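> structure for the following, please:
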Amino acid sequence: MMKFDKYAKKLVMVVIFLLLFGSIMVFSTSWPYSYRLKGNEIEIIRKHIIFVVLSIMAIFFISYINILKLRKYSKNIFIFVFLMGFLVYSPLGVNIYNARRWVGVGFFTFMPSDFMKIGSIMMMAYVIDRYKKAFTFKNVFFKYLAIVGISAFSVMIQPDLSTTLVIAGTITSMYLVAGMDKKAVMFSVFGLSLASFGAVFFLKSGYSRTSRIQAFIDPLKYRDSKSWQLIKSLFAITNGSLLGVGLGNGRQKYTLSEAHNDFIFATIAEEFGFVGSMFLIGVYIYLAYLGIMISRNIKSLYGKMIILGIIFSIGLQALVNIGTATGVIPPTGVTLPFVSYGGSSLVMTSVMIGIILGIVRYDVKGR
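So this is what the prediction gives:
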């Protein structure tokens with residue numbers, strides 16, 4: 001019990017550290033853009049702080065919800081968040097940069113795909129738990145395929161390829177940990193590869209995904225157009241060298257768009273250098289370790305798989321964001337968890353942490 005509580009407490013401390021560090025970096029990266037856009041340097045950080053406070057409140061309040069009791073409603077929740085995705089094409093949908101990923105309600109906007117992350121995790125956890133005594137290819141694989149397919153369709157209509165890949169990777173990782181057999185592995189690898197190829201080369205949704213691949217393969221050739229952001233990001237990382245130029249002294253943030261959002265890692269690397277970047281990566285690895293250790297002490301298989309799904313989701317999102325900033329993977333549009341400029345993504349990721357703590361609270365008391 002004491003050992004288990006220790007991991008949960010450390011998880012909260014790590015998340016609070018990331019939220020505070022993120023607030024510092026959002027201000028450091030956003031003030032030039034905020035001044036150009038709003039006429040003052042603090043408008044963006046002011047909004048971000050509001051979302052940080054909401055995120056901390058969400059962690060606290062959600063931790064008192066016994067999500068284990070929602071097990072039997074997992075299918076209904078999954079269907080609900082699937083239908084929510086179509087709101088982006090209703091009058092409430094908001095078009096930003098030729099993509100309809102947001103729904104606006106008054107002054108508040110949110111991304112339905114953030115809810116799909118949680119809904120798909122709960123649904124896959126339910127399937128794994130239900131068939132734990134008969135975990136065969138026939139019983140599980142096609143249900144896994146349906147979850148991935150429905151989730152992908154819901155998110156890709158927005159379109160949001162990066163979040164689709166994170167969700168698909170999360171669900172697949174849960175299946176692997178639960179005991180995916182060789183036949184399922186073979187079909188999954190083939191199916192996901194085929195789907196990714198189709199999404200990249202055949203879906204044209206306001207901007208060319210093929211152009212992102214071209215920018216990734218030969219960034220210098222397209223440095224004045226398609227790969228402009230990537231080149232700026234690589235300049236920032238290179239300029240950071242070993243120890244960085246110091247907090248607030250980064251230069252690329254003055255011209256790098258989304259410096260406080262998708263490409264915040266580039267400024268972190270510039271201002272804190274290789275050492276600071278590796279420390280931050282180490283923090284994410286430690287967060288994943290804590291989540292895995294917590295899951296090992298959970299008696300409910302449903303709760304255990306939800307925790308692992310959440311950890312996989314956060315870890316994959318961090319990996320995709322950092323990979324984008326460093327040029328390891330093609331440019332995508334996901335935030336760095338708990339660090340990038342906030343909004344519904346920051347709050348919903350914090351809700352995930354609250355769900356973990358809620359499972360800890362009620363599973364330990366004896367379900």
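> who's in contact with the nearest residue to Ser63 once chain neighbours are set aside?
Distances taken as CB to CB, 6 or more residues apart in numbering put Leu357 closest to Ser63, at 3.7 Å, once the chain neighbours are dropped. Any C-beta I mention is one placed from the backbone N, CA and C, and that applies to glycine too. Counting by CB atoms under 8 Å, 6 or more residues apart in numbering, Leu357 touches Ala8, Leu11, Val12, Ile59, Ile62, Ser63.
> and for stretch 272-284, what's in contact with it?
Contacts for stretch 272-284 (CB under 8 Å, 6+ apart): 14, 17-18, 21, 237, 240-245, 247, 265, 268-269, 314-315, 318, 322, 337, 339.
> now stretch 313-324
For stretch 313-324, the external contacting residues (CB under 8 Å, 6+ apart) are 117, 121, 162, 165-167, 169-170, 173, 230, 233, 262-263, 265, 281, 284, 287-288, 291, 328-332, 334-337, 340, 349, 352.
> now the helix or strand harbouring the residue nearest to Ser63, how far from the chain's geometric center?
In the assignment (DSSP states H and E), Leu357 maps to helix 344-364. Here helix 344-364 is found 14 Å from its chain centre; the criterion is CA atoms, centre = their mean, to the nearest Å.
> again, but for stretch 248-266
19 Å.
> what does stretch 175-193 give?
Per CA atoms, centre = their mean, the centroid offset for stretch 175-193 relative to its chain is 22 Å.
> in the stretch 101-250 of the chain, which spans are strands?
Along the stretch 101-250 of the chain, the stretches classed as strands by DSSP state E, counting those that start in this stretch are 108-110.
> which element is Leu20 on?
helix 2-38.
> that helix packs against which elements?
helix 43-62, helix 264-296, helix 344-364 (3 or more CB pairs under 8 Å, 6 or more residues apart in numbering; DSSP states H and E).
> can you give me the angle it makes with helix 43-62?
Interaxial angle of helix 2-38 relative to helix 43-62 (axes from the mean of the first three to the mean of the last three CA atoms, to 10 degrees): 150 degrees.
> quick check: buried residues in helix 2-38?
4, 7-8, 10-12, 14-16, 18-19, 22-23, 25-34 (16 or more other CB atoms under 10 Å).
> list the contacts of the closest residue to Phe187 other than its chain neighbours.
Of all residues not flanking Phe187 in the chain, Phe141 sits nearest, at 7.0 Å (CB to CB, 6+ apart). Shown in contact with Phe141 (CB under 8 Å, 6+ apart): Lys183, Ala184, Phe187.
> roughly how far does the second one sit from Lys38?
Separation of Ala184 from Lys38 (CB to CB, to the nearest Å) stands at 51 Å.
> over to Thr255?
From Thr255 to Lys38 the distance is 18 Å (CB to CB).
> avg pLDDT for the helix holding Leu357?
What helix 344-364 shows for mean pLDDT is 91.
> now do stretch 8-22
Computed over stretch 8-22, the average pLDDT equals 95.
> would you mark the buried spots in stretch 347-364?
Applying a neighbour-count criterion of 16+ other CB under 10 Å, one finds 347-360, 362-363 buried in stretch 347-364.
> farthest pair within those?
Val347 and Asp363 (24.2 Å; CB to CB).
> so Val328 sits in a strand?
No - counting by DSSP: H, G, I helix; E, B strand; the rest coil, one finds Val328 to be coil, located in no strand.
> how far away is the nearest residue to Lys143 once chain neighbours are set aside from Phe141?
Using CB to CB, 6+ apart and skipping the chain neighbours, the partner closest in space to Lys143 is Val127 (4.9 Å). Between Val127 and Phe141 the computed distance is 10 Å (CB to CB).
> for Leu18, see how far away Val166 is.
Val166 is 18 Å from Leu18, by CB to CB.
> for Val360, same thing?
For Val360, the distance to Leu18 - CB to CB - is 19 Å.
> for the residue nearest to Lys143, what are its contacts?
With CB under 8 Å, 6+ apart, Val127 has these contacts: Val140, Lys143, Tyr144, Ile147.
> in three-state terms, label the residue positioned nearest the centre of the chain for me.
The centre of the chain sits closest to Gln317, judged by CA atoms, centre = their mean, with a distance of 3.8 Å. With three-state DSSP as the basis, Gln317 sits in helix.
> then the one 5 residues further on?
For Ile322, the secondary-structure state derived from three-state DSSP is helix.
> what about Lys132, how many residues nearby?
Neighbour count for Lys132, taken as other CB atoms under 10 Å: 14.
> for it, which non-adjacent residue is closest in space?
Nearest to Lys132 is Leu301, by CB to CB, 6+ apart, at 5.6 Å.
> what's the answer for Ala325, then?
Phe265 (4.1 Å).
> same check, this time on Ile157
In space, Ile157 is closest to Gly85, 6.6 Å off (CB to CB, 6+ apart).
> test my guess that the one you found contacts Phe110.
No - the criterion here is CB atoms under 8 Å, and Gly85 misses it with Phe110 at 11.7 Å.
> neighbour count: these two, which is higher?
More crowded of Gly85 and Phe110, by other CB under 10 Å: Gly85, with 25 against 20.
> doesn't that one belong to a helix?
Yes - under three-state DSSP, Gly85 sits within a helix.
> how far away is it from Tyr73?
Taking CB to CB, one finds Gly85 at 19 Å from Tyr73.
> low-confidence stretches in this protein?
1-5, 95-102, 105-108, 159, 190-228, 257-258, 330-332, 364-367 (pLDDT under 70).
> do I have it right that Val140 meets Leu176?
No - assessed by CB under 8 Å, Val140 is found out of contact with Leu176, at 11.8 Å.
> pick out whichever of these two has more residues nearby.
Neighbours were counted for Val140 and for Leu176 using other CB under 10 Å; Val140 has more, 23 against 13.
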